[in-house]
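Undergrad: Pasting a predicted model and its sequence here:
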Amino acid sequence: MKKYYLQVTIDSNLDASTKAVQDCNKILNQNGFEPYEVNLYKSGNKYIKKVHNFLAFEHLYKIEKDSLLVIPHPLYVNKRYIDILEKVKSKRNVKLVFLIHDLDSLRKMFLDAQSDFEYMDHKMYEISDYIIAHNDSMIDYLVSQGVSREKIHNLHIFDYLCDSKNTIKFDRSVSIAGNLDENKSKYLAKLKELKSVHFDLYGVHLNEDILASNITYHGAFPPDEINNQLYSGFGLVWDGSSIEKCDGNTGEYLKYNNPHKLSLYLVSGIPVVIWKEAAEAKFVEEHNVGITVNSLEELGERFASLSEEEYFEMVKNVSVISERLKTGYYLTQAIKEIVEA
């Protein structure tokens, strides 16, 4: 049985994927999967581009019969791609493994395309032979949507391939790395109210109006470099408009997804602060790699009672998870289960 993963490129040489997808592809390659490339055009004549991109997916009909194909989900291309995959499955007897990166019908960030994402997600539920889901909460959601529990495999957390070897320093500060767009994460503008806690920000799209005496901005770094900037305190996994709880579409989505920044903080070597209702709060508590809170307003009191010994006990536990993340341990375990099945 041939094993492939679908790799989307743009204009022959530009990787169209995020670091999470790129890392997953590398891990699949380490486990004997070959790339099945779909090259899309981004530039050029609109008509020619449309025809080429459709034919690029049609190339999937040439995949070897009876093979196993891992697909990153969703592919931000066109909802028609999943109809082609359905036909490929039927005509070539290909087993389809959908590796979920996001469930946009659940996330509801792109309301103008909501019907397309609902179509793609539900079609994925129907035609998949196996699904790699983020965690127990996402698995329960998929089952509620009619997906057979038997074909779902738990990723637990996203791996994060890098060479991080930080010397961790004890501190009661909080780091926030990622997209600092205040429109996306409105809670950032309220951090100045938490005067007893210092926040260190790393990322793009910062509105400097949110800076205050307890907030320091350190600039933006590429995904394969930011981990080396995080070597003290805690990393924050939070979203929405409030510091009292995670709310709105992005905040509620934390109840189901594995935030990639959780992996970033842990692979850097620092423990995390995460919303107690987030799906990955269970992972954090089980492995004792951070603090779970209902509200960011709890941080001052929690930090005041935190000893250096307690902090470094968490750091010790983080180091175990960090080594696994660096080597692709979690996806490797999930894919081994599927191959053996």
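TA: Nice, thanks for sending it over. Residues are numbered from 1 along each chain as shown.

Undergrad: Isn't Phe283 up against His156?
TA: Yes - contact criterion C-beta atoms under 8 Å: Phe283 and His156 qualify, at 6.5 Å. C-beta: built from backbone N, CA, C; applies to glycine.

Undergrad: anything in contact with each of those two?
TA: In terms of C-beta atoms under 8 Å, 6 or more residues apart in numbering, Phe283 and His156 are both contacted by the residues Asn135.

Undergrad: Isn't Pro72 up against Val97?
TA: No - using C-beta under 8 Å as the test, Pro72 is too far from Val97 to be in contact (10.2 Å).

Undergrad: Compare neighbour counts for the two and give me the winner.
TA: Val97 (27 against 23; other C-beta atoms under 10 Å).

Undergrad: So the more buried one: helix, strand or coil?
TA: strand (DSSP: H, G, I helix; E, B strand; the rest coil).

Undergrad: What's the separation between the residue positioned nearest the centre of the chain and Glu308?
TA: The C-alpha lying nearest the average C-alpha coordinate of the chain belongs to His260 (C-alpha atoms, centre = their mean; 3.7 Å). His260 is 29 Å from Glu308, where distance means C-beta to C-beta, to the nearest Å.

Undergrad: and Val267, what element?
TA: helix 260-268 (DSSP states H and E).

Undergrad: for that helix, the distance to its chain's centre please.
TA: Taking C-alpha atoms, centre = their mean, to the nearest Å, the mean C-alpha location of helix 260-268 is offset from the chain mean by 10 Å.

Undergrad: mean confidence score for it?
TA: The pLDDT scores in helix 260-268 average 97.

Undergrad: who touches that helix?
TA: So helix 260-268 is contacted by 18-20, 157-160, 162, 164, 166, 175, 177-178, 223, 226-231, 234-235, 237, 271-272, 274, 280, 284, 289, 318, 321-322, 325-326 (C-beta under 8 Å, 6+ apart).

Undergrad: Just the buried subset of those residues, written out for PyMOL, thanks.
TA: Selecting the buried subset of the contacts of helix 260-268 in PyMOL, with 16 or more other C-beta atoms under 10 Å as the burial test, is done by:
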select buried, resi 19+20+157+158+159+160+162+164+166+175+177+178+223+226+227+230+231+234+235+237+271+272+274+280+284+289+318+321+322+325+326
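
Undergrad: quick one on the thing from earlier: which SSE is immediately downstream of the helix holding Val267?
TA: By DSSP H and E, the next helix or strand past helix 260-268 is strand 272-275.

Undergrad: For the helix or strand just after that following strand, list every residue counted as buried.
TA: Note on strand 272-275: by DSSP H and E, the next helix or strand toward the C-terminus is helix 281-287. Applying a neighbour-count criterion of 16+ other C-beta under 10 Å, one finds 281-284, 287 buried in helix 281-287.

Undergrad: in what helix or strand does Lys195 lie?
TA: Here Lys195 is assigned to no helix or strand, by DSSP H and E.

Undergrad: Pop out the phi and psi values for it.
TA: phi -60, psi -20 (degrees, to the nearest 10).

Undergrad: Between the two ends of stretch 159-177, what distance do you get?
TA: 17 Å (C-alpha to C-alpha, to the nearest Å).

Undergrad: and Gly233, what pLDDT?
TA: The model's pLDDT for Gly233 equals 98.

Undergrad: isn't it right up against Ile168?
TA: No - taking C-beta under 8 Å as the definition, Gly233 is not a contact partner of Ile168, at 9.2 Å.
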